[in-house]
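K.L.:
One predicted model, sequence on top.
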Amino acid sequence: MDILNICYPYLYYFVIYSIFGWCAEVIFCTLTTGKFTNRGFLNGPVCPIYGFGVLIVILSLMPLKENLFILFLGSFILTSVLEFITGFVLEKIFHEKWWDYSKEPFNIKGYVCIRFSIMWALACILIVRVVHPLIEKLVMIIPVKLGWIILIISGVCFISDLICTIVQIKNIRTELRLFEQISLRMRNISDHMGEKLADLAIDGKENAEKHKKSFEESHNKELEELKEKYQNLIDKKNSSRKRLHMAFPHLKLEEKYRFQEFSEKLKNAYHKHKK
């Protein structure tokens, strides 16, 4: 029970700063792109990395808040380490880079860069010295029983959102693998037809024309089936894929291939070898 009482305010801090972080991301993205984007890994209005980041800074540096230099340096290091670890772990788990600072100067493997690390450090100074004392008072005002009810509901929503998001990403990756399989098969058919037409063209233009229809008919049925499957995947409305791609533009969660590309390749292969 004592442990729960100790954890109680920090759980609230995590929730509050996760929401604040989401708000900050949305505002920054809106000012940058000129349109609203639901930022963050989860569907809900929370960015847990901000909640964890502020908690780490508060627990580690609150006793040193009067020393501005130590507070800045500590915040700079702690937030940079957290962002690096988070980016690294997400990439290892989902095989995707969720953000990429590679084009920023003084970056480390694209996970962190000096510009954003300085921004996080300055934000932490503002939070520790100005915002957090107000948050502490706010949390103390809330009745404990009501507070636990709010925390339990928030926790259930958070865990449900996390599970749903992981399942969505798994489904998206399954779709992408299917895209790639269909695209590869289309390429193989295209290459096979092109090679055969090239061989026949060597024997004579008339012979190539004679066998053109038989080659097309032999692959036409399979091509149509692949086209239908491919088009169904493209037309399928996947709001999760769209949201994640907008929130994290560096993710490869979009269709990378189009049937038209392979259709054109088939035509070009035939006309090229017909000459």
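P.N.:
Sure thing, it's come through.

K.L.:
Okay, buried residues for stretch 56-66 please.
P.N.:
Buried positions in stretch 56-66, judged by neighbour count with 16 or more other CB atoms under 10 Å: Ile56, Val57, Ile58, Leu61, Lys65. In short, each C-beta sits where N, CA and C put it, glycine included.

K.L.:
Show me the residues you listed that map onto helices.
P.N.:
Ile56, Val57, Ile58, Leu61 (DSSP state H).

K.L.:
Now the last one: closest residue in space that isn't a chain neighbour?
P.N.:
Nearest in space to Leu61, with sequence neighbours left out and distances taken as CB to CB, 6 or more residues apart in numbering, is Gly74 at 4.7 Å.

K.L.:
secondary structure element for the one you found?
P.N.:
Gly74 belongs to helix 68-94 when assigned by DSSP states H and E.

K.L.:
residues making contact with the helix or strand just after that helix?
P.N.:
Downstream of helix 68-94, the first helix or strand assigned by DSSP H and E is strand 107-108. Under the contact criterion CB atoms under 8 Å, 6 or more residues apart in numbering, strand 107-108 has outside partners Phe84, Tyr101, Cys113, Ile114.

K.L.:
just to revisit the earlier point, my read is that the residue nearest to Leu61 contacts Val57, right?
P.N.:
Yes: using CB atoms under 8 Å, Gly74 makes contact with Val57 at a distance of 7.3 Å.

K.L.:
before we move on, the earlier item: which among the ones in helices among the buried residues of stretch 56-66 gets closest to Leu134?
P.N.:
Ile58 (13.3 Å; CB to CB).

K.L.:
Averaged pLDDT, stretch 129-146. What do you get?
P.N.:
The average pLDDT within stretch 129-146 is 93.

K.L.:
export it as PDB, just CAs?
P.N.:
Coordinates of each C-alpha in stretch 129-146 appear next as PDB, following Å, rounded to 0.1, in the frame of the first residue of the first chain:
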ATOM      1  CA  ARG A 129      11.200  25.200 -12.700                       C
ATOM      2  CA  VAL A 130       7.800  26.500 -13.800                       C
ATOM      3  CA  VAL A 131       5.200  23.900 -14.900                       C
ATOM      4  CA  HIS A 132       5.800  21.000 -12.500                       C
ATOM      5  CA  PRO A 133       5.300  22.900  -9.300                       C
ATOM      6  CA  LEU A 134       1.800  23.800 -10.600                       C
ATOM      7  CA  ILE A 135       1.200  20.100 -11.700                       C
ATOM      8  CA  GLU A 136       2.100  18.900  -8.200                       C
ATOM      9  CA  LYS A 137      -0.400  21.300  -6.600                       C
ATOM     10  CA  LEU A 138      -3.100  20.100  -9.100                       C
ATOM     11  CA  VAL A 139      -2.500  16.400  -8.400                       C
ATOM     12  CA  MET A 140      -2.700  17.100  -4.600                       C
ATOM     13  CA  ILE A 141      -6.100  18.800  -5.100                       C
ATOM     14  CA  ILE A 142      -7.700  15.700  -6.700                       C
ATOM     15  CA  PRO A 143      -9.300  13.300  -4.100                       C
ATOM     16  CA  VAL A 144      -7.300  10.100  -3.800                       C
ATOM     17  CA  LYS A 145     -10.200   7.800  -4.500                       C
ATOM     18  CA  LEU A 146     -11.300   9.800  -7.600                       C
END
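
K.L.:
helix/strand/coil for Asn38?
P.N.:
Look at Asn38: counting by DSSP: H, G, I helix; E, B strand; the rest coil, its state is coil.

K.L.:
Neighbours of it, how many?
P.N.:
16 (other CB atoms under 10 Å).

K.L.:
For it, report the pLDDT, please.
P.N.:
Value listed for Asn38 in the pLDDT field: 71.

K.L.:
Same check on Phe28?
P.N.:
82.
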